[in-house]
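Visitor: Following is a predicted model, sequence given first.
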Amino acid sequence: MDDIHEKIIILDFGSQYTQLIARRIRELNIYSQIVSYRLTPSEIRAINPAGIILSGGPSSVYDENAPHCDRGIYDLDVPILGICYGLQLIAHHLGGRVVPGTHREYGPATLNVVEPRPLFNDTPAEQRVWMSHGDKVLELPDGFQPVATTDNSEFAAVAHPTRIYGLQFHPEVVHTPSGSEILCNFCYDVCGCKGEWTMKSFIERSVGEIREQVGGDKVILGLSGGVDSSVAAALIHKAIGAQLNCIFVDNGVVREGEAETVRQLFGNAFKMNLDCVTAADRFLDKLAGVTDPETKRKIIGNEFITVFEEEARKFSNARFLAQGTTYPDVIESVPIDGNPSAMIKSHHNVGGLPSVMNLELVEPLRQLFKDEVREVGRQLDLPENVVMRQPFPGPGLAVRIIGAVNRENLAVLRQADTIVIDEMRKADCYYKVWQSFAVLLPVQSVGVMGDERTYENTVVLRIVDSQDGMTADWSRLPYDLLERISNRIINEVRGVNRVCYDISSKPPSTIEWE
Ligand code: XMP
């Protein structure tokens, strides 16, 4: 997307908040891009950013392996904003002094603004900010002025006339209530951005690019019914219509009514070329008796590739494979020593597909964060229940049945899952949580129903709040909602006589049970 004029780049020093900075900037209608801190000044000049943000990071500027950007960036005549470690790096590079703090400062602090212009325009003179740092700046380099202070930080915000700024606190987190305004002031008032990045303009540009890339050739797309592949399908369909062929594989471990819903929406309403493959038998035969979670995942992943390849052969003249890859999937995490956020990898449903298929990739959502993907979906008239869908893992219900998967226990889990979704929707809670689903445990316990003793399975409710799936906490739902879900499952689902609520957070527990 070389024709995006306004860009803010974020040099990533390994902060857990780097993506959050990028999202906050996008919310201001400005395109932001996370790049390696190793970029040279000439590489940065080639990107032609309106501004540069130096992210926070877990290192100390004095660490042997501390990430340092090229000092030439200060001579580029592009405004710079250093956040936390970014500020310390600026101070260190330009002749100031950074020292280990006497104690780590973590949590809220009260900021007193000394000079509101330009960063603190239209924000309170006294405001709450979020601190999270060990080292601190003790002496400023020549020419820098403090523009805000806290009790613990004389240099909580600093400025240099050559448009270099630093913040010791984190404007990107919600615990800094004026954080977005501060970033807005930097982008608009300092960098001169105008706010050109909207999903409407993205769709227009993207449609043109897809047409240019694809020409008169055919594209195939694996449609799962999830948000990303659905939005990718709608966008590519808008661009090239009947040249797009979607393939939906019913692997036997999808939710109740899933295949029908996909057929109705994409086949009937959108009139896309849609190939629904019923392959449940093949998957379930291979899964028979398998209890190890990783083996289940591998079987489903490999079988998917086999089925998809077979189907794709029907479109022998296809040259492209479309995928709903999004920005968090492609950000190159910088391997910074000891930085856990650099090690977390996202799941890939169709991992391995492109390499075995010898097709060129079309990935129109590569630049978008999830909330942007949803907005694109809305603008393309996808219904709210598709664009706001909760995440669903590629290996589907198979990883929500502990132990071996078969038709019987899948039917039980499907019924319980439908009840959970139904009650969550009725209580207006479905869109408020990150995920809400049932897990089937092959653990029998004693119960009574009527006058009879029962000895049946257990369903666990896993309902969590999360920002991005990396960390999560169990949702504090009203007791009467939990009661309704429990009663309905025990009364309506044969083979279940006990419902439990999972109150583990991630970490250390994961969201899915397998
Ligand atoms: P965990 O269980 O690792 O899950 O805490 C984090 C998030 O990822 C989803 N998940 C998957 N998504 N393919 C996916 O597309 C997968 O294989 C997969 N496994 C887990 C999970 O539902 C949660 O939102």
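Guide: Great, that's in hand.

Visitor: Any buried residues in stretch 204-222, and which?
Guide: For stretch 204-222, burial by neighbour count (16 or more other CB atoms under 10 Å) applies to 206, 207, 210, 213, 214, 218, 219, 220, 221, 222. In short, each C-beta sits where N, CA and C put it, glycine included.

Visitor: Check what contacts it and list those residues.
Guide: Applying CB atoms under 8 Å, 6 or more residues apart in numbering, the contact partners of stretch 204-222 are 1, 3-4, 229, 232-233, 235-236, 238-240, 243-249, 308, 312, 315, 317-323, 350, 353, 359, 362, 364.

Visitor: please redo it, this time with the cut-off set to 6 Å
Guide: 233, 236, 238-240, 243-247, 308, 312, 315, 317-322, 350, 362, 364 (CB atoms under 6 Å, 6 or more residues apart in numbering).

Visitor: Now that we have the residues you listed, which of them are buried?
Guide: By neighbour count, with 16+ other CB under 10 Å, those hold 233, 236, 238-240, 243-247, 308, 312, 318-322, 350, 362, 364 as buried.

Visitor: Go through these and flag which are in strands.
Guide: In this view, these that belong to strands under DSSP state E are 244, 245, 246, 247, 318, 319, 320, 321, 322, 362.

Visitor: Residue 321 is in contact with residue 362, correct?
Guide: No. Residue 362 is beyond contact range of residue 321, at 7.1 Å (criterion: CB atoms under 6 Å).

Visitor: I'd say residue 413 and residue 440 touch.
Guide: Yes. Counting by CB under 6 Å, residue 413 touches residue 440, with 4.4 Å between them.

Visitor: Look up how far the ligand lies from residue 192.
Guide: 39 Å (CB to the nearest ligand atom, to the nearest Å).

Visitor: Torsion angles phi and psi at the residue lying closest to that residue once chain neighbours are set aside?
Guide: Leaving out its chain neighbours, the residue that sits closest to residue 192 by CB to CB, 6 or more residues apart in numbering is residue 50, at 6.4 Å. As for residue 50, its main-chain torsions (degrees, to the nearest 10) stand at phi -80, psi -20.

Visitor: Would you mark the buried spots in the helix or strand where residue 441 lies?
Guide: When elements are assigned from DSSP states H and E, residue 441 belongs to strand 435-449. Using 16+ other CB under 10 Å as the test for burial, strand 435-449 gives 435, 436, 437, 438, 439, 440, 441.

Visitor: how about the helix or strand following that strand: buried residues?
Guide: Next helix or strand after strand 435-449 toward the C-terminus (DSSP H and E): strand 452-465. Along strand 452-465, these residues count as buried under the neighbour rule (16+ other CB under 10 Å): 454, 456, 457, 458, 459, 460, 461, 462, 463, 464.

Visitor: and what of stretch 64-74?
Guide: 66, 67, 69, 70, 73, 74.

Visitor: Averaged pLDDT, that stretch. What do you get?
Guide: For stretch 64-74, mean pLDDT rounds to 95.

Visitor: okay, how far is it across it, tip to tip?
Guide: Stretch 64-74 stretches 23 Å from its first residue to its last (CA to CA, to the nearest Å).

Visitor: chain center to it: distance?
Guide: Mean-position distance between stretch 64-74 and its chain equals 28 Å (CA atoms, centre = their mean, to the nearest Å).

Visitor: measure residue 202 to residue 382 for me?
Guide: Computed as CB to CB, to the nearest Å, the residue 202 to residue 382 distance reads 15 Å.

Visitor: burial count for the closest residue to residue 434 other than its chain neighbours?
Guide: Computed as CB to CB, 6+ apart, the closest residue to residue 434 that is not its neighbour in sequence is residue 466, at 3.8 Å. The number of residues packed near residue 466 is 17, by other CB atoms under 10 Å.

Visitor: Was I right to think residue 466 contacts residue 433?
Guide: No. With contacts defined as CB under 6 Å, residue 466 does not count as touching residue 433, sitting 8.4 Å away.

Visitor: one step back: now, which of the buried residues of stretch 64-74 sits nearest the ligand?
Guide: Relative to the ligand, the closest of the buried residues of stretch 64-74 is residue 67; by CB to the nearest ligand atom it sits at 27.4 Å.

Visitor: Verify the assumption that the closest one is located in a helix.
Guide: No. Counting by DSSP: H, G, I helix; E, B strand; the rest coil, residue 67 is not found in a helix; it is coil.

Visitor: ok, and does the strand or helix carrying residue 230 reach over to the ligand?
Guide: Remark: residue 230 resides in helix 227-240, with elements defined by DSSP H and E. No. Helix 227-240 does not reach the ligand (CB under 6 Å from any ligand atom); its nearest approach is 8.8 Å.

Visitor: The closest residue to residue 181 other than its chain neighbours - how many residues pack around it?
Guide: With CB to CB, 6+ apart as the criterion, residue 181 has its nearest non-adjacent residue at 5.1 Å, and that residue is residue 123. Neighbours of residue 123 under the rule other CB under 10 Å: 20.

Visitor: So residue 123 is in contact with residue 183, correct?
Guide: No. Applying CB under 6 Å as the test, residue 123 and residue 183 come out as separate, 11.0 Å apart.

Visitor: how about the strands of the stretch 1-150 of the chain, start to end?
Guide: Along the stretch 1-150 of the chain, counting by DSSP state E, counting those that start in this stretch, strands occupy 7-12, 31-36, 51-54, 80-83, 97-113, 126-139, 145-149.

Visitor: chain center to the first one: distance?
Guide: In this view, strand 7-12 has its centroid 18 Å away from the chain centroid, taken as CA atoms, centre = their mean.

Visitor: starting at the chain centroid, how far to stretch 73-85?
Guide: On the basis of CA atoms, centre = their mean, stretch 73-85 sits 27 Å off its chain's mean C-alpha point.

Visitor: do stretch 170-183 as well
Guide: Here stretch 170-183 is found 20 Å from its chain centre; the criterion is CA atoms, centre = their mean.

Visitor: same thing with stretch 365-379?
Guide: 11 Å.

Visitor: Report the buried residues of that stretch.
Guide: Within stretch 365-379, the residues scored as buried using 16+ other CB under 10 Å are 365-370, 372-379.

Visitor: Show me which pair in those is furthest apart.
Guide: Pairwise distances across those (CB to CB) peak at 19.4 Å, for the pair 366 and 378.

Visitor: Can you lay out the buried residues of stretch 64-74 as JSON lines showing distance to the ligand?
Guide: Converted to JSON lines, the buried residues of stretch 64-74 look like this (distance: CB to the nearest ligand atom, whole Å):
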{"residue": "66", "distance to the ligand": "30"}
{"residue": "67", "distance to the ligand": "27"}
{"residue": "69", "distance to the ligand": "32"}
{"residue": "70", "distance to the ligand": "36"}
{"residue": "73", "distance to the ligand": "36"}
{"residue": "74", "distance to the ligand": "40"}
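
Visitor: Among these, which one sits closest to residue 420?
Guide: Distances from residue 420 to these, taken by CB to CB, are shortest for residue 67, at 44.2 Å.

Visitor: Please name the nearest non-neighbouring residue to residue 197.
Guide: Nearest non-adjacent residue to residue 197, counting by CB to CB, 6+ apart: residue 31, 4.4 Å away.

Visitor: What residues are bridge-paired with the one you found?
Guide: Beta-bridge pairing of residue 31 under DSSP bridges involves residue 7.

Visitor: per-residue confidence at the residue lying farthest from the centre of the chain?
Guide: Distance from the C-alpha centroid of the chain, by CA atoms, centre = their mean, peaks at residue 451 (49.8 Å). Among the per-residue scores, residue 451 holds a pLDDT of 88.
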